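**Student:** Predicted coordinates and the sequence they were generated for:
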Amino acid sequence: MKRAIISVLILIIFIVPVSSMELSTLFHISDISFDNTTTAPVSSFSGTYYPWGLSIFGSDEITDEMTLKAGVFYDPILRYTTYTLFEYQHEFFKLGVGPFFGTFNTPGTILKSGISTSVRVEIPGILFASLKADSSIGSRFVKVGDYLQEFNEISVGYYIPNAICSVSLKSKSFVTKQAADLEVDDSFTEYAFNVDMFQKNVGFTAMLSFAYQTISRSYLTVSTSASTENTLNSLILGTNFKFKLADGFTLITNLESNVYSFGYLDTTPLTLPGSGPGIFLFRLTTGVSLDLDLFKK
């Protein structure tokens with residue numbers, strides 16, 4: 001809770017000087033996660049661990065070709081990151097680059113610097129391809145609390161009437177030194193097919209996604225190089241809705257829920273809940289987006 005509040009305050013410092021922008025605030029909660037406070041693998045997945053967090057981010061068009069994006073973003077794997085990204089838009093391509101910081105994720109490391117890059121090539125109205133990569137800078141680990149964050153996403157898509165179809169591959173990793181002889185690696189991989197549907201002059205859009213996701217948490221004993229790993233594999237149905245409630249005000253809701261899940265402790269099958277609240281595995285994001293220019297007018 002304290003880390004979320006501090007991260008949001010840092011974001012306000014970024015946003016106030018550039019108040020002419022679109023600003024979004026999101027709340028995240030999920031139970032498709034291993035408990036990131038554990039120091040040893042588990043033989044069963046409870047489905048009752050609910051990590052949550054807040055994201056606040058905005059964008060501002062500096063010129064017709066240049067856009068500034070800044071914010072604090074929460075992810076159950078990557079934890080909190082604070083970033084600033086400059087994007088250059090041309091007719092057929094878009095380039096983005098900027099710094100990001102892991103923010104208050106461990107007591108031993110207040111800020112962890114990194115760099116974010118993105119490339120998108122597009123034939124307008126026909127097809128596109130994009131690549132995004134975030135990676136921490138610096139050596140691996142020196143003291144307890146040191147960590148590395150990494151995010152990669154590649155997608156290819158095409159346009160059809162009133163919809164955009166795409167396939168994507170996404171990976172995330174958060175590796176931390178939890179103790180003098182223990183390194184823990186939280187990772188996430190997703191293969192997805194997405195259909196983003198829209199209609200001109202209608203204040204409502206919807207996206208459906210069908211994905212195969214793997215989350216894992218591995219424990220490495222440094223002195224012996226012995227490693228054990230928990231994994232959870234899921235078939236996921238995702239829905240994302242955006243409702244334009246008024247000029248400059250949009251409601252955002254995204255829900256991912258599992259159709260089927262199975263997991264392992266190394267090669268031993270992981271016990272999953274058969275009843276109770278943990279039987280429904282989900283990832284929920286909800287919030288609002290504001291056009292601050294319209295509010296000022």
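**Tutor:** Perfect, thanks for sending it.

**Student:** what's the neighbour count on residue 226?
**Tutor:** Using other CB atoms under 10 Å, residue 226 is surrounded by 9 other residues. Glycine gets a C-beta too; all of them are placed from N, C-alpha and C.

**Student:** residues touching the nearest residue to it once chain neighbours are set aside, list them.
**Tutor:** Distances taken as CB to CB, 6 or more residues apart in numbering put residue 220 closest to residue 226, at 7.5 Å, once the chain neighbours are dropped. By CB atoms under 8 Å, 6 or more residues apart in numbering, the residues touching residue 220 are 182, 183, 184, 185, 226, 227.

**Student:** Need these in CSV (columns: secondary structure).
**Tutor:** Formatted as CSV, these follow (DSSP: H, G, I helix; E, B strand; the rest coil):
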residue, secondary structure
182, strand
183, strand
184, strand
185, strand
226, strand
227, strand
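
**Student:** What ranges in this structure fall below the confidence cut-off?
**Tutor:** Low-confidence segments of the chain (pLDDT under 70): 1-20, 294-297.

**Student:** Helices of that one, residue ranges please.
**Tutor:** With helices called from DSSP state H, the chain shows them at 2-15, 292-296.

**Student:** Buried among the contacts of residue 220? Need that as a selection in PyMOL.
**Tutor:** The buried residues among these can be selected in PyMOL (16 or more other CB atoms under 10 Å) with this line:
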select buried, resi 182+183+184+185
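
**Student:** closest to residue 38 among the contacts of residue 220?
**Tutor:** Nearest to residue 38 among the contacts of residue 220: residue 184, at 8.4 Å, using CB to CB.

**Student:** got a list of what the closest one touches?
**Tutor:** Counting by CB under 8 Å, 6+ apart, residue 184 has contacts 36, 39, 175, 176, 178, 217, 218, 219, 220.

**Student:** And those residues, which is closest to residue 116?
**Tutor:** Distances from residue 116 to these, taken by CB to CB, are shortest for residue 175, at 18.0 Å.

**Student:** What is the burial count for residue 178?
**Tutor:** Neighbours of residue 178 (other CB under 10 Å): 17.

**Student:** May I ask you to confirm that it is in contact with residue 144?
**Tutor:** Yes: counting by CB atoms under 8 Å, residue 178 touches residue 144, with 7.0 Å between them.

**Student:** for the residue nearest to residue 226, which residues make a bridge with it?
**Tutor:** Beta-bridge partners for residue 220, by DSSP bridges, are residue 183, residue 227.

**Student:** and what of residue 72?
**Tutor:** The partner residues for residue 72, given DSSP bridges, come to residue 56, residue 82.

**Student:** residue contacts, the spatially most central residue of the chain?
**Tutor:** Centroid-nearest residue in the chain, with CA atoms, centre = their mean: residue 75, separated by 4.7 Å. For residue 75, the contact set (CB under 8 Å, 6+ apart) comprises 28, 53, 81, 172.

**Student:** so which of the residues you listed is the most crowded?
**Tutor:** residue 81 (24 neighbours).
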